[in-house]
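1. Compute the structure for the input listed below.
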Amino acid sequence: MIIGLLQARLSLPQAHSLKDKRQVIKSLKDRVRQRINVSVAEVDHQDFWQSAALAFVTVAAERVIVDQRLSEVQKLLHSEVRAVLVDVHTEIL
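-> Next comes the predicted model:
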């Protein structure tokens, strides 16, 4: 069993309130869940309206599958126009 973890810090420059931030984060989390077999949670910066920290986790029997899923998550994060990807950290356990 291989476990993959991707932690991402995002900047949300167009968010002017926590409500704006929640809209963007909820939309992003829903899209990721629909397209890629990963779990996702907001893990930090919940009270800051222009930044977010998300964690994505996946489990598979082969490392190739885990790497592919985490790569797809990173591509999706880069393509999000309402958020700027500030930092990404990946771990394979």
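
2. what's the first-to-last distance across stretch 46-63?
-> The first residue of stretch 46-63 is 31 Å away from its last residue (C-alpha to C-alpha, to the nearest Å).

3. Let me see the contact set for Leu54.
-> For Leu54, the contacting residues are Gln7, Ala8, Leu10, Ile25, Leu28, Lys29, Val40, Ala41, Glu42, Val43, by C-beta atoms under 8 Å, 6 or more residues apart in numbering. (Each C-beta comes from the backbone N, C-alpha and C, glycine too.)

4. mind redoing it with 10 Å?
-> By C-beta atoms under 10 Å, 6 or more residues apart in numbering, Leu54 lies in contact with 6-10, 25, 28-29, 32, 40-45, 73, 77, 83.

5. What's opposite it in the beta bridge?
-> Ala8, Glu42 (DSSP bridges).

6. so how far is Arg35 from it?
-> 15 Å (C-beta to C-beta, to the nearest Å).

7. for Arg82, same thing?
-> Taken as C-beta to C-beta, the span from Arg82 to Arg35 is 17 Å.

8. Among the two, which residue is more densely surrounded?
-> Ranked by neighbour count (other C-beta atoms under 10 Å), Arg82 and Arg35 place Arg82 first, with 16 against 11.

9. follow-up on the earlier one: out of the contacts of Leu54, which are buried?
-> Listed as buried from the contacts of Leu54 are 6-10, 25, 28-29, 32, 40, 42, 45, 73, 77, 83; burial here means 16 or more other C-beta atoms under 10 Å.

10. Is it correct that Ala83 is in contact with Leu10?
-> Yes: if you go by C-beta atoms under 10 Å, Ala83 and Leu10 touch, sitting 4.4 Å apart.

11. any common contacting residues for those two?
-> Lys21, Val24, Ile25, Leu28, Ser51, Ala52, Leu54, Leu77.

12. can you pull the contacts of the first one?
-> When you say that, I think you mean Lys21. So Lys21 contacts 10, 12, 14-15, 42, 45-52, 82-83 (C-beta under 10 Å, 6+ apart).

13. Just flag the most distant two among those.
-> Asp47 and Arg82 (19.2 Å; C-beta to C-beta).
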